[in-house]
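Asker: what shape does this take:
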Amino acid sequence: MTRLLELPPGDPGIGPHRHSGPVFGYILEGEILFELEGQAPYRITAGEAFWEPGGDVIHYTAANLLPTRTSRFVVVMLCAPDVEMITMVDDQELAAKAGSRIPMAE
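Answerer: Below is the predicted model of the structure:
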């Protein structure tokens, strides 16, 4: 599945979730904050790419860092058969894994 996603100015994106398969993305314009389980959050800007493995890895954040401009990116998602593309992570699991999140580097 291929999608063009737009995050309005300052949009925090959807909450923590998982994808059923790998995701490949490219930032067309703007700047986002990206955080996956096991990685410190990091900034991605226009012209840069990202990926996530999908499966059991939690995708915590994909937020627009720009307060006055929309950020746009295209994603290609490989979907597992008969599995939802996005599964939200519940509060209980987030609480259980809270100690393993890596803070953003200064």
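Asker: CA only for contacts and neighbour counts going forward, please
Answerer: Will do.
Asker: for the residue with the largest distance to the centre of the chain, give its distance to S71.
Answerer: In the chain, counting by Cα atoms, centre = their mean, D82 sits farthest out from the average C-alpha position, at 21.8 Å. Computed as Cα to Cα, to the nearest Å, the D82 to S71 distance reads 31 Å.
Asker: model confidence score at the most centrally placed residue in the chain, please.
Answerer: Nearest to the geometric centre of the chain sits A62, at 3.9 Å (Cα atoms, centre = their mean). Looking at A62, its pLDDT stands at 94.
Asker: contacts only, for it.
Answerer: The contact partners of A62, by Cα atoms under 8 Å, 6 or more residues apart in numbering, come to 12-14, 32-35.
Asker: if we go to 6 Å?
Answerer: 13, 33-34 (Cα atoms under 6 Å, 6 or more residues apart in numbering).
Asker: low-confidence ranges, this structure, go.
Answerer: Along the chain, the parts satisfying pLDDT under 70 run over 106.
Asker: again, only using 80
Answerer: 105-106 (pLDDT under 80).
Asker: could you pull out the helices for it?
Answerer: Secondary structure of the chain (DSSP state H): helices at 91-97.
Asker: ok, which stretches of it are strands?
Answerer: All strands of the chain, identified by DSSP state E, fall at 2-7, 17-19, 23-29, 31-36, 42-45, 49-52, 59-64, 71-77, 86-88.
Asker: of those strands, which approaches M104 most closely?
Answerer: strand 42-45 (6.8 Å; Cα to Cα).
Asker: still on that earlier bit, now the residue nearest to the centre of the chain. Nearest residue, chain neighbours left out?
Answerer: F34 (4.6 Å; Cα to Cα, 6 or more residues apart in numbering).
Asker: could you do T70 as well?
Answerer: Here the residue nearest T70, using Cα to Cα, 6+ apart, is P8, at 4.5 Å.
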